[in-house]
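Engineer: okay, here's the prediction I keep looking at, along with the sequence it came from:
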Amino acid sequence: MEPFIFRVRDCYYIRASYPSPAEHRHFAAHLVFAMERPFTALVDGKSVETVGITIGSDVPHTILSVDPALVVFIDELTPMSRCVKHTLLQGAPWRALDASVSSRVGKRWGEVRTETDAATAAAETERLLGLQAEHAPAEDPRVLEAAAYMKSAPALEQLTIRNVARAVHLSPSRLTHLFRRDTGISPSLYLANLKLERAFYLLDTGRSLTQVCMDAGFATPSHMADTSRKLYGMSMTEVKQIFLTGLGQNSR
């Protein structure tokens, strides 16, 4: 099954063989669906075998499997994340999902080949999981404005937190305080996460990791690798190997 990364409405849908990364936690709620057989999730100190699971932001976890899986990373500061919290998690750090629904989601994404397919499958996934309701944001409007400003920046490599703070009429220290209070991480780490998402999306374009690093806006490959380990439990080399293995290529 050919791996892919698709971005649909601030969510990254990644289909690939999961390499059982080290236990990690990251700034993104996410969903994991089996594409072939059930997997074992080690999450928040517990072990569960399932075909679908949702895990909240900043919850320690890893997935044990060698089979293809669909992993959906959801930006914490988005309507989709609020739906996941209210509809799926309901105050819990994680929940196993309905097996029948999860199997339907996994099967549907097994048919995806194009951007159009992905958009349709994403809408069907939201409907199956009941993720279409509107929920009021709990974050300070200036935090949401700062996040939106960073996401819309045409050149992440040129963006600084001072620029972002100025755009939302705050000092850098005040923005950092509000961001940490409402999200649990600094705006600098949020910006690094956006760069890492861009790097993931560039992995199957044939670029070397050094080229991906530069195009994603990181200063050095080591900074990109450290950020990947911190947020996703894998080095960028390991992430790239997921895709190259699936595509039958050799590591560059």
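Structural biologist: Nice, thanks for sending it over.
Engineer: count of residues packed around the residue lying closest to residue 138 once chain neighbours are set aside?
Structural biologist: With C-beta to C-beta, 6 or more residues apart in numbering as the measure, residue 182 is the residue that lies nearest to residue 138, at 7.5 Å, once sequence neighbours are left out. Backbone N, C-alpha and C define where each C-beta goes, glycine included. For residue 182, the neighbour count with other C-beta atoms under 10 Å is 18.
Engineer: where does the stretch 101-250 of the chain have low pLDDT?
Structural biologist: 241-250 (pLDDT under 70).
Engineer: could you pull out the helices for it?
Structural biologist: Under the criterion DSSP state H, counting those that start in this stretch, the stretch 101-250 of the chain contains helices at 115-129, 141-152, 161-167, 172-183, 187-202, 209-216, 221-232, 236-246.
Engineer: can you lay out those helices as TSV showing distance to residue 7?
Structural biologist: Written out in TSV, the entries for those read as follows (distance: least, C-beta to C-beta, whole Å):
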stretch	distance to residue 7
helix 115-129	9
helix 141-152	11
helix 161-167	21
helix 172-183	20
helix 187-202	6
helix 209-216	14
helix 221-232	16
helix 236-246	15
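Engineer: which among these is found nearest to residue 44?
Structural biologist: Go through the helices of the stretch 101-250 of the chain one by one with C-beta to C-beta and the one that ends up closest to residue 44 is helix 221-232, at 17.2 Å.
Engineer: pick the most buried one from the helices of the stretch 101-250 of the chain.
Structural biologist: Per-stretch averages of neighbours, counted by mean count of other C-beta atoms under 10 Å, single out helix 187-202 among the helices of the stretch 101-250 of the chain, with a mean of 20.
Engineer: could you dump it to CSV, C-alpha only?
Structural biologist: Presented in CSV, the C-alpha positions along helix 187-202 are these (Å, rounded to 0.1, in the frame of the first residue of the first chain):
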residue,chain,number,x,y,z
PRO,A,187,4.8,30.0,20.5
SER,A,188,8.3,29.2,19.4
LEU,A,189,7.6,25.5,19.7
TYR,A,190,4.3,25.9,17.9
LEU,A,191,6.2,27.6,15.1
ALA,A,192,8.7,24.8,15.0
ASN,A,193,5.8,22.3,14.8
LEU,A,194,4.4,24.2,11.7
LYS,A,195,7.9,23.9,10.1
LEU,A,196,8.0,20.2,10.9
GLU,A,197,4.6,19.7,9.4
ARG,A,198,5.9,21.4,6.2
ALA,A,199,8.9,19.1,6.3
PHE,A,200,6.7,16.0,6.5
TYR,A,201,4.8,17.2,3.5
LEU,A,202,8.0,17.6,1.5
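Engineer: now do the contacts for the nearest residue to residue 52 once chain neighbours are set aside.
Structural biologist: Ranked by C-beta to C-beta, 6+ apart and with sequence neighbours excluded, the top spatial neighbour of residue 52 is residue 102, at 2.6 Å. If a contact means C-beta atoms under 8 Å, 6 or more residues apart in numbering, then residue 102 has 33-34, 50-52 as its contacts.
Engineer: farthest-separated two in those residues?
Structural biologist: With distances taken as C-beta to C-beta, the most widely separated pair in those is 33 and 50, at 9.4 Å.
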